[in-house]
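Peer 1: What follows is a predicted protein model with its sequence.
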Amino acid sequence: MKCKVCRGPAIAQFPAHNANFCERHFDEFFMRQIEKAIRRYKMLQPGERCLVAVSGGKDSLIVVDVFHRLGYDVEGLHISLGIAENDFAGESLAVCKDFLAERGLTLRVFDVKEAFGITVPEAGRRFPRFCALCGMTKRYLMNAEAWRAGMVLATGHNLDDLSSALLANIFRWDVRYLAKNLPVLPEGDGFARKIKPLALLTEREIATYAAIHSIRVVQARCPYAAEASFPKYKQLINGVEEESPGTKRLFYEGYIKHAGLFEAQARAEYQLQPCAVCGMPTSAPVCSFCKTWRRGQG
Ligand code: AMP
Ligand code: FES
Ligand code: ZN
Ligand code: ZN
């Protein structure tokens, strides 16, 4: 197996790109894919400040690493949820701190317990689906922190995440999510611009980059991870991808072209107004974040 570029020994095959690469040329390929995505979807202009939401997993840490290598002005944001099992919270925070510090970058930490007096699992006792509460809390805080700081928000969602979410949302015809599964969501009143620089890279490609660069990630697993909803859709798509390499990307890129159809529908169905408590945009009089975390306030 030879590298497509230099004919030296290749480290892995990437059938979707009809290519094998050696370490060096895989790295160049990976960086180029991200630079292309940034340009093609107008994610970030030189001089704009970017807040990367880091969980301690490889995807979001790699966004920090690549943006730093490309010379962008980046900071990290870690939301500490207080999940004590497996020392998940402690290890996640430590990994993020070290990773940003090694590169001389600032890490902002939002500690939910410090801010609201209880952890996410404690608040979750009132919730039928813990993951839904956790996801809503993270989405709200990531947006609010970036918006208030006047920064662009980047997350580590990759092609496997986005294509499986797309398939799941098509199964349910969830128009609201179908309008928002894009690599870039523009800024607006109360909304930071949201970018997903790994949108066109697969989990396998990202794992290869992590191995080459010895990226240290959180080993502890979130004890609630089994509740996450898309693994079966990931499996389905990977089955098709194995038969016809490149399908995953075509599926997602095709969606990007047609997403406008869903945007108009979502806008008509969900009228936004400022939340009566926090002022952030929401479709209900009080947003779900404030209903959960700011009971009795406001
Ligand atoms: P997930 O929904 O857990 O797959 O995470 C998707 C993206 O959200 C990650 O790639 C991160 O960019 C961000 N994220 C997840 N958890 C956290 C966290 N605790 N703090 C900051 N960002 C997070
Ligand atoms: Fe949110 Fe596991 S990190 S449910
Ligand atoms: Zn090579
Ligand atoms: Zn609110």
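Peer 2: Perfect, I can see it now. Residues are numbered from 1 along each chain as shown. Ligands and ions are numbered 1, 2, ... in the order given.
Peer 1: Show the contacting residues for residue 256.
Peer 2: 182, 183 (Cβ atoms under 8 Å, 6 or more residues apart in numbering). C-beta: built from backbone N, CA, C; applies to glycine.
Peer 1: so what's residue 65 up against?
Peer 2: Applying Cβ under 8 Å, 6+ apart, the residues near residue 65 are 103, 213, 215.
Peer 1: any idea how far residue 244 is from the closest residue to residue 212 other than its chain neighbours?
Peer 2: Spatially, and ignoring its direct neighbours in sequence, residue 212 is nearest to residue 23 (5.4 Å; Cβ to Cβ, 6 or more residues apart in numbering). Going from residue 23 to residue 244 by Cβ to Cβ, to the nearest Å gives 28 Å.
Peer 1: can I get the contacts of residue 65 in a markdown table with neighbour count, pLDDT and secondary structure?
Peer 2: Listed next are the contacts of residue 65 as a markdown table, based on neighbours: other Cβ atoms under 10 Å; pLDDT from 0 to 100; DSSP: H, G, I helix; E, B strand; the rest coil:
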| residue | neighbour count | pLDDT | secondary structure |
| --- | --- | --- | --- |
| 103 | 14 | 98 | coil |
| 213 | 17 | 98 | coil |
| 215 | 18 | 97 | coil |
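Peer 1: Can you tell me the closest non-neighbouring residue to the residue of the stretch 101-250 of the chain found nearest ligand 4?
Peer 2: Closest to ligand 4 within the stretch 101-250 of the chain is residue 140: 7.8 Å, counting by Cβ to the ion. Spatial nearest neighbour of residue 140, excluding adjacent residues (Cβ to Cβ, 6+ apart): residue 289 at 4.0 Å.
Peer 1: what's the helix or strand for that neighbour?
Peer 2: Element membership for residue 289, per DSSP states H and E: helix 288-293.
Peer 1: ok so, going back, and which of the contacts of residue 65 is nearest residue 158?
Peer 2: Nearest to residue 158 out of the contacts of residue 65 is residue 215 (Cβ to Cβ; 14.1 Å).
Peer 1: Can you give me the separation between residue 105 and residue 258?
Peer 2: 37 Å.
Peer 1: With residue 187 instead?
Peer 2: Distance from residue 187 to residue 258, by Cβ to Cβ: 23 Å.
Peer 1: So between the two, which is more surrounded?
Peer 2: Legend: neighbour count by other Cβ atoms under 10 Å for residue 187 and residue 258, higher for residue 187 (15 against 9).
Peer 1: Just the helices from the stretch 151-298 of the chain, written as ranges.
Peer 2: Under the criterion DSSP state H, counting those that start in this stretch, the stretch 151-298 of the chain contains helices at 159-172, 175-178, 203-212, 231-243, 247-269, 288-293.
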